[in-house]
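Undergrad: structural data only, the sequence is not supplied:
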């Protein structure tokens, strides 16, 4: 029975991962990542906690793909209420965090401590606790990520995550991995995330290659041109 359960779980994870990748490809106009090498070096040296800004529903899917790129054994700490809304996140090895009190949060905290066992292991945390526009200052960070880093001895890495409209009608995702945080203070974490968001502003302002228009856009352009020709000859 355990082999059957394991096979079913593997199948569900494969289907969920394939669906997530398709959703990203269809819904976003690209994912631009900076600082991936710094994250890989930190993971090679020991366990890591990635503290990311939380902007959109897309964040969890992007984090899952980043884990695959980093080749890390990772968990994503997700609010228990959100896990109930989007139960498929459980297929991504997410940990449900009940924020109603310290006692209810202990199982997730204990799971984080057990998971961060050595190099290559990681936990993703969204210290804002909920989705917020990155234009809001201060970023309203909670202290959980910092507390877990101090308690486990894991390296804390700030990750600025945001979205921009470029040459495509779909938003592009931008990810900026910062340097391992030192000293471990709430002020330093806030400063590092804001600096990462500024770097995203700079990168997104650079002229990037235009995305080819999709079929409906090309069809609309053709129809417009035909209408314009008719008006000129009318």
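TA: Everything's here; your move. Since the structure is predicted, the reported quantities are computational estimates derived from the model, not experimental observations.
Undergrad: the top strand by length along the chain packs against which elements?
TA: What stands out as the longest strand in the chain, according to DSSP state E, is strand 155-165. Strand 155-165 is packed against helix 36-45, strand 48-52, helix 58-70, helix 144-152, strand 171-177, helix 186-205, with contacts defined by 3 or more CB pairs under 8 Å, 6 or more residues apart in numbering; DSSP states H and E. To be clear about C-beta, it is placed using only N, CA and C from the backbone, and glycine gets the same treatment.
Undergrad: by contact count, what packs against the longest one?
TA: In this structure, helix 186-205 makes packing contacts with strand 31-34, helix 144-152, strand 155-165, strand 171-177, judged by 3+ CB pairs under 8 Å, 6+ apart.
Undergrad: could I get these as a markdown table with mean neighbour count and distance to residue 133?
TA: A markdown table is the format used below for the helices and strands packed on helix 186-205 (neighbours: other CB atoms under 10 Å; distance: least, CB to CB, whole Å):
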| stretch | mean neighbour count | distance to residue 133 |
| --- | --- | --- |
| strand 31-34 | 17 | 19 |
| helix 144-152 | 19 | 20 |
| strand 155-165 | 22 | 9 |
| strand 171-177 | 23 | 13 |
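Undergrad: out of the helices and strands in the chain, which is least certain?
TA: helix 2-27 (a mean of 55; mean pLDDT, DSSP states H and E).
Undergrad: relative to residue 141, how far out is residue 132?
TA: 10 Å (CB to CB, to the nearest Å).
Undergrad: apart from its neighbours in sequence, what residue is nearest residue 109?
TA: residue 148 (7.1 Å; CB to CB, 6 or more residues apart in numbering).
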